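**Q** got a predicted structure plus its sequence, pasted below:
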Amino acid sequence: FFARNEVTFSIWFFYLLRRVQEAVASFLGIPPGTAVFGWGPNYLLYQQMGGYIGLLCWCVWIARGHIRVVVRKVWRGDGVDDGGEMLPYRLAFAGLLVGMLGCIAWLKVAGATVTAAVVAIVGLMGSCVVMSWLITNGGTIMVQNRFSPSDLLVGLLGTRGRFAERILTPRTLTVMPLFETIFHRDLREIMLPSLLNMSRASAPSVRRRQVLGACMMAVAAVTVLAYVLGVRIGYTWGAGVLPDSWAYAHCTTYPYDYAKRAIKDGITFEDHANLRNLLIGGGLVLGISAIRSCALRVALHPAGFLLA
């Protein structure tokens, strides 16, 4: 309902283009492949991943002036008034830094290598930025990715070979799916679409710090309620026979199945198809974004490509 015309047109356009691509790949006998942690075909997964990276780079470039001001505020304490923001910039930056370092340390203690942990956390933060942009610009409620951050390492390095095995150890391949299933695989409305769409309004009557307090209390209450009810429903009615087979059946074995396949069978890539598709997705999104910055009447929108 809130989607723009160019976004809805682009979703249809790129959806049809995707189906044509799948038909051509099937006709030519191109193997679709299967991603380790995400869901394929591989060429669509890495095109979307490349699109996410491209859009993240574009957002950073467009916001470079604001980022420069924020960095000056964090470093020197002057330059901009952050009284109307949900959090002071210094406090927000400190929380982000401590949170990311804490998650990386947590994954390291759990058995993951530092490289894989950094890729997972930085990839999660980047995906959240892109998904927030998609929700506010596309008018969608739910955004679901085909990929997980670890697919970048697995897709470009494989799991066989001296260099790959130093980064993607068996313990890393076991820990990463557990983390990414919870925090990246099926986020649904965790991005708070209502709040993101409201944040586009710059009404002076909106007191953002009070909104932040209300959100924190709501998240805390819902977390406790969802945990209690989820466990109670599963034990009372039998989790294995409930209609929500994803939450009570598939999601519980999904991380272990993917880890087992990656460790037992191994993955070796002999060509550069994943890198090629990564560059195609990133180049397409950057190209559309650059064209739209010069000509707003262009019907294609990068959100359509990423959502389709």
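**A** Structure's in. What do you need? Just so it is clear, the structure is predicted and the values come from calculations on it, not from any experiment.
**Q** for the rest of this, base every contact and every neighbour count on C-alpha atoms.
**A** Noted.
**Q** any idea which helix is longest in this structure?
**A** Identified as the longest helix of the chain according to DSSP state H is helix 208-237.
**Q** please give me every residue in contact with R68.
**A** Listed by Cα atoms under 8 Å, 6 or more residues apart in numbering, the contact set of R68 is empty.
**Q** in the strand or helix carrying it, what counts as buried?
**A** Per DSSP states H and E, R68 falls inside helix 64-76. Residues of helix 64-76 classed as buried by neighbour count (16 or more other Cα atoms under 10 Å): V70, V71, K73, V74.
**Q** without its sequence neighbours, what residue ends up closest to the first one?
**A** The shortest distance from V70 to any residue other than its chain neighbours is 6.8 Å, reached at Y89 (Cα to Cα, 6 or more residues apart in numbering).
**Q** show me what contacts the one you found?
**A** Each residue near Y89 by Cα under 8 Å, 6+ apart is listed here: V70, K73, V74, D82.
**Q** list just the nearest of these to N42.
**A** The nearest member of the contacts of Y89 to N42, counting by Cα to Cα, is V70 at 38.0 Å.
**Q** give me the pLDDT value at the closest one.
**A** As predicted, V70 sits at a pLDDT of 89.
**Q** again, but for the one 4 residues further on
**A** The predicted structure scores V74 at 87 on the pLDDT scale.
**Q** pLDDT value on S245, please?
**A** pLDDT at S245 comes out at 73.
**Q** tell me the contacts of the nearest residue to M86 once chain neighbours are set aside?
**A** Nearest residue to M86 in three dimensions, chain neighbours excluded: R209, at 4.3 Å (Cα to Cα, 6+ apart). Counting by Cα under 8 Å, 6+ apart, R209 touches G84, E85, M86, L87.
**Q** ok, now with 10 Å
**A** Neighbouring residues of R209 by Cα atoms under 10 Å, 6 or more residues apart in numbering: G83, G84, E85, M86, L87, P88, C215.
**Q** could you flag which of those residues are buried?
**A** Buried among those (16+ other Cα under 10 Å): P88.
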